[in-house]
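Give me the fold of what follows.
(2 chains)
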Amino acid sequence: MAEPAKDLHKKEAETPETGERTRERKVYAPAVDIIERKDDIVVIADMPGVDERSVDITLEKDVLTIYGKVEADAPEKHVLYFSEYGIGDYQRVFTLTDEVDRDKIQASVKNGVLKIVLPKAAAVKMRKIAVKGEA
Amino acid sequence: MLWQDLERFGRFVDPWREFDRVQRALSRWTSPSAIEFPAVNVWVAGDTAVVTTELPGVDAKSIDISVVGRSLTLRGSREPEALKENESYHRRERWRGEFTKTVELPFDIETSKVEAKFSRGTLYINLPRAETDKPRKINVTSD
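Next up, the predicted model:
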């Protein structure tokens, strides 16, 4: 096993307060990296089984919701002999602290990895005040 | 797994129930932490097995699959995002680095007929049973 340790088990997403889902299946919280860059914030999420058609991203006020629908693709006529991981949808919700330029959000999916680029709004970029150390 | 199980579930498999059933059965004798990365699921139908594993963001060409006897070994790696100056992580949860995993299958594998497919971050490996490993049918003659 390589370093650093990998979190092997998928974490189940918390049940939303609004109630249960109609689809009876597990929902996992995907592991994410969030990187802050000079002009944007990048969210990268591991969502194997998801492609560009099955992922939904919504930004309402400052709440960013990622939802990925995964279809079960059990090999035909095969029986599960042993199982170390489960399959289900993905959901994760973030509250953004910075103002984001909503019109310029970009998202892509490649090899089961979702990448969202959230450009910072111009107002936020300007608001940054440089602090100098006293001489 | 008993062969009667195979017949019972062979016609119609509800994958969700299957996952729950097998995971429950498995957890009786292995603690979850005993599983090595990456986690795999093994499917069996008669003389073929299908091994699936989730490797999002891994380059398909860099995955090394080798088969000896009844064991399958997977090797690969995933590089972390390269950060430039003035860039920083707010969260860092995704796995990175190298992995090696060996899976024991219920039968010897026909190494020349192994096929693998990588789709949406999931690897599917098709492993047919070796001809030499298949049970022989013996005819009984009566005089």
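
quick one: contacts for the closest residue to chain A within chain B?
Taking Cβ to the nearest Cβ as the measure, the point where chain B comes nearest chain A is B:G121, at 1.9 Å. (Each C-beta comes from the backbone N, C-alpha and C, glycine too.) Contact criterion Cβ atoms under 8 Å, 6 or more residues apart in numbering or on different chains gives A:46-50, A:111-113, B:54-58 as the residues in contact with B:G121.

And what about A:D98, helix, strand or coil?
coil (DSSP: H, G, I helix; E, B strand; the rest coil).

what's around it, how many residues?
Neighbour count for A:D98, taken as other Cβ atoms under 10 Å in any protein chain shown: 14.

Quick check: it vs B:A49, distance?
49 Å (Cβ to Cβ, to the nearest Å).

least trustworthy helix or strand in chain A by mean pLDDT?
Of all regular secondary-structure elements in chain A, judged by mean pLDDT, DSSP states H and E, the least confident is helix A:122-127 with a mean of 68.

what's the residue in chain A that chain B sits nearest to sitting at in phi/psi?
When distances are taken as Cβ to the nearest Cβ, chain A approaches chain B most closely through A:G112, which lies 1.9 Å from it. Torsion angles at A:G112 (phi, psi; degrees, to the nearest 10) stand at phi 80, psi 10.

mind listing what A:Y90 touches?
The contact partners of A:Y90, by Cβ under 8 Å, 6+ apart, come to A:A13, A:V27, A:Y28, A:A29, A:P30, A:A45, A:M47, A:V50, A:I66, A:Y67, A:G68, A:V70.

ok, the residue positioned nearest the centre of chain B - contacts?
Most central residue of chain B, judged by C-alpha distance to the mean C-alpha position with Cα atoms, centre = their mean, is B:V51 at 2.7 Å. With contacts defined as Cβ under 8 Å, 6+ apart, the neighbours of B:V51 are B:V40, B:N41, B:V42, B:W43, B:L72, B:V103, B:L105, B:Y124, B:I125, B:L127.

For chain A, tell me which of those show up nearby.
For chain A, the contacts drawn from these by Cβ under 8 Å from any Cβ of the partner chain are B:V40, B:N41, B:V42, B:W43, B:Y124.

these two touch, right, A:K38 and B:N86?
Yes: at 5.3 Å, A:K38 and B:N86 qualify as touching, with contact defined as Cβ atoms under 8 Å.

Tell me how many other residues surround A:E52.
Applying the criterion other Cβ under 10 Å, we find 11 residues in the vicinity of A:E52.

for B:E110, same thing?
Around B:E110 there are 18 residues (other Cβ under 10 Å).

and it, what are its phi and psi?
For B:E110, the backbone dihedrals (degrees, to the nearest 10) come out as phi -80, psi 90.

Just say helix, strand or coil for B:K61.
At B:K61, secondary structure determined by three-state DSSP is helix.

Compute the distance between it and B:T53, please.
Shown here: B:K61 relative to B:T53, a distance of 16 Å by Cβ to Cβ.

neighbour-wise, which of these two wins?
Neighbours were tallied for B:K61 and for B:T53 using other Cβ under 10 Å; the higher tally belongs to B:T53 (25 against 8).

Give the pairing partners of the helix or strand harbouring that one; include direction for each.
Remark: B:T53 resides in strand B:48-54, with elements defined by DSSP states H and E. Sheet pairing of strand B:48-54 (DSSP bridges) gives strand B:40-45 (antiparallel), strand B:122-128 (antiparallel).

Name the residues of stretch A:32-48 that are buried.
Neighbour-count burial for stretch A:32-48, with 16 or more other Cβ atoms under 10 Å in any protein chain shown as criterion, is recorded at A:32-36, A:40-48.

remind me which residues of chain A are low pLDDT?
A:1-8, A:15-20, A:124-128 (pLDDT under 70).

rerun at 80
In the predicted model, chain A carries pLDDT under 80 at residues A:1-9, A:14-25, A:72-74, A:97-98, A:123-130, A:135.

Look up the residues forming beta bridges with the most centrally placed residue in chain A.
For chain A, the residue sitting closest to the mean C-alpha position, by Cα atoms, centre = their mean, is A:A45 at 4.3 Å. Each beta-bridge partner of A:A45 is listed here: A:V32, A:L114, as defined by DSSP bridges.

Tell me the spacing between it and B:T73.
Relative to B:T73, A:A45 is positioned 28 Å away (criterion: Cβ to Cβ).
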